[in-house]
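A.B. asks: Model the structure of this input:
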Amino acid sequence: MPTLIGKGMKRQEAGVYGESREAEGVRGVGHNGAGVSGTSEEWVGVHGKGKHLAGFFEGNVNVSQNLIVNEGLFVRGAALDITGLLKRLEQLELAVAMLTNQPLPARSPRSYTISVSTMGSQFILTGTGFYPSKDSYVHVVYPDFSRRFFTQTTDPSGNLNFAIETSSLCVFPGLSLTFIVNQADSLGYDQWSNEAKTSCP
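C.D. replies: Numbers count the residues shown, from 1 in each chain. This next block holds a predicted model:
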């Protein structure tokens, strides 16, 4: 049985609140389980915000699904430039092709185009130019740059049709939302659509 239970009945009401001037606001210690566990059916499981770091981990970190980085990704003090790495990979492919007289791998970049509208109680996202019958990833970005994402398979013509209830995304009326979709191309490189903006009804 839990030794402490907190329950918030309103959207902005905390179930458990802790505050400290010199130490942790809330500390969790688990001997045979998680020290702190966060689960949310409709929002972020754990949200951290700090002046210097939003989160600090001592030890290995395991991510079971996608890791989404909005800005720079740094590894051991060196910036990891994904675009630069892809360019270097293409240069290596060219060098190998020239040395071995092999044709370059065929890439067929596409222009993914999306738009979003509100119909009744749903947001309707449509897209064209995608690879047919292939998983794509719909990202919904909030003004604070937090996001949710969903997997949707394109139809045999490469069109994307995605519907979601506004109530599952909207915290309050007028909240700005940005939709963007990515899908891997024929060689596994991620390509991104345009941004489609809307607001909560």
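A.B. asks: and Q91, how many neighbours does it have?
C.D. replies: The burial count assigned to Q91 is 10, neighbours taken as other C-beta atoms under 10 Å. From N, CA and C alone the C-beta is placed, and that goes for glycine too.
A.B. asks: repeat for the one 5 residues further on
C.D. replies: Residues near V96, counting by other C-beta under 10 Å, number 12.
A.B. asks: three-state assignment of it?
C.D. replies: Three-state assignment for V96 (DSSP: H, G, I helix; E, B strand; the rest coil): helix.
A.B. asks: so how far is L89 from it?
C.D. replies: Using C-beta to C-beta, to the nearest Å, V96 is found at 11 Å from L89.
A.B. asks: And the strands in this structure?
C.D. replies: According to DSSP state E, the chain carries its strands in the segments 74-75, 78-79, 113-119, 122-128, 135-141, 147-153, 160-165, 176-184, 190-192, 196-199.
A.B. asks: any chance of the ones you listed in CSV, plus mean neighbour count, mean pLDDT and distance to N66?
C.D. replies: Shown next, in CSV, are those (neighbours: other C-beta atoms under 10 Å; pLDDT from 0 to 100; distance: least, C-beta to C-beta, whole Å):
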stretch, mean neighbour count, mean pLDDT, distance to N66
strand 74-75, 8, 58, 18
strand 78-79, 8, 52, 20
strand 113-119, 15, 96, 19
strand 122-128, 19, 97, 19
strand 135-141, 19, 92, 8
strand 147-153, 14, 91, 7
strand 160-165, 16, 95, 17
strand 176-184, 19, 91, 10
strand 190-192, 13, 84, 11
strand 196-199, 15, 94, 20
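A.B. asks: And V36, how far from V26?
C.D. replies: In terms of C-beta to C-beta, V36 sits 8 Å off from V26.
A.B. asks: L53 is nearest to which of the strands of the chain?
C.D. replies: Of all these, it is strand 74-75 that lies closest to L53, at 12.2 Å by C-beta to C-beta.
A.B. asks: any chance of the strands of the chain in a markdown table, plus distance to G55?
C.D. replies: Shown next, in a markdown table, are the strands of the chain (distance: least, C-beta to C-beta, whole Å):
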| stretch | distance to G55 |
| --- | --- |
| strand 74-75 | 14 |
| strand 78-79 | 19 |
| strand 113-119 | 31 |
| strand 122-128 | 30 |
| strand 135-141 | 19 |
| strand 147-153 | 16 |
| strand 160-165 | 28 |
| strand 176-184 | 24 |
| strand 190-192 | 25 |
| strand 196-199 | 28 |
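A.B. asks: show me the contacts for the spatially most central residue of the chain.
C.D. replies: A centroid search over the chain (C-alpha atoms, centre = their mean) returns I68, at 4.6 Å, as the residue closest to the centre. Listed by C-beta atoms under 8 Å, 6 or more residues apart in numbering, the contact partners of I68 are H139, R147, F149.
A.B. asks: Not counting its neighbours along the chain, what's nearest the second one?
C.D. replies: Counting by C-beta to C-beta, 6 or more residues apart in numbering, R147 lies nearest to V141, which is 4.6 Å off, once chain neighbours are set aside.
A.B. asks: Return the distance of the one you found relative to I180.
C.D. replies: Taking C-beta to C-beta, one finds V141 at 7 Å from I180.
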